[in-house]
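> below is the structure, and that's it, no one-letter string:
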């Protein structure tokens, strides 16, 4: 995992606890309430902006978009 990632807590999501973005990698990092984490690649800035838009359901966006992106589990 990239240690330079700055995790941002997600308020109001029953599924996602924290999120982060690496523009250099075009990767979205997601930490779940169950303790697991995942890195999704092929995510340019517009995908991050849509995912974090005000009023956007993180879980809904995850199920409609992010889970179809390449990715892998985070190992801490």
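The structure has been received and is ready for your questions. If you're wondering where the values come from, they're calculated on a predicted model, not measured in any experiment. Numbering: from 1, shown residues only.

> now the strands for this protein?
Residue ranges of the strands in the chain, as given by DSSP state E, are 8-9, 16-22, 27-32, 37-40, 71-73.

> for the longest one, give me every contacting residue.
Which is strand 16-22. The contact list for strand 16-22 (CB atoms under 8 Å, 6 or more residues apart in numbering) reads 2, 4-10, 27-33, 43, 48, 51-52, 58-59, 62. Any C-beta I mention is one placed from the backbone N, CA and C, and that applies to glycine too.

> out of these, which are buried?
5, 10, 27-31, 43, 48, 51, 58, 62 (16 or more other CB atoms under 10 Å).

> and the least confident of those residues?
Here the lowest pLDDT out of the buried ones among the contacts of strand 16-22 sits on residue 5, with 83.

> if I look at the residue lying closest to that one once chain neighbours are set aside, how far off is residue 32?
Spatially, and ignoring its direct neighbours in sequence, residue 5 is nearest to residue 20 (4.4 Å; CB to CB, 6 or more residues apart in numbering). Here residue 20 is placed at a distance of 13 Å from residue 32 (CB to CB, to the nearest Å).

> next one: residue 51
Remark: distance between residue 51 and residue 32 (CB to CB) = 15 Å.

> tell me what the helix or strand of the chain with the lowest mean pLDDT is packed against?
When the helices and strands of the chain are scored by mean pLDDT, DSSP states H and E, strand 71-73 comes last with a mean of 89. Packed against strand 71-73 by the contact rule (3 or more CB pairs under 8 Å, 6 or more residues apart in numbering; DSSP states H and E) you find strand 37-40.
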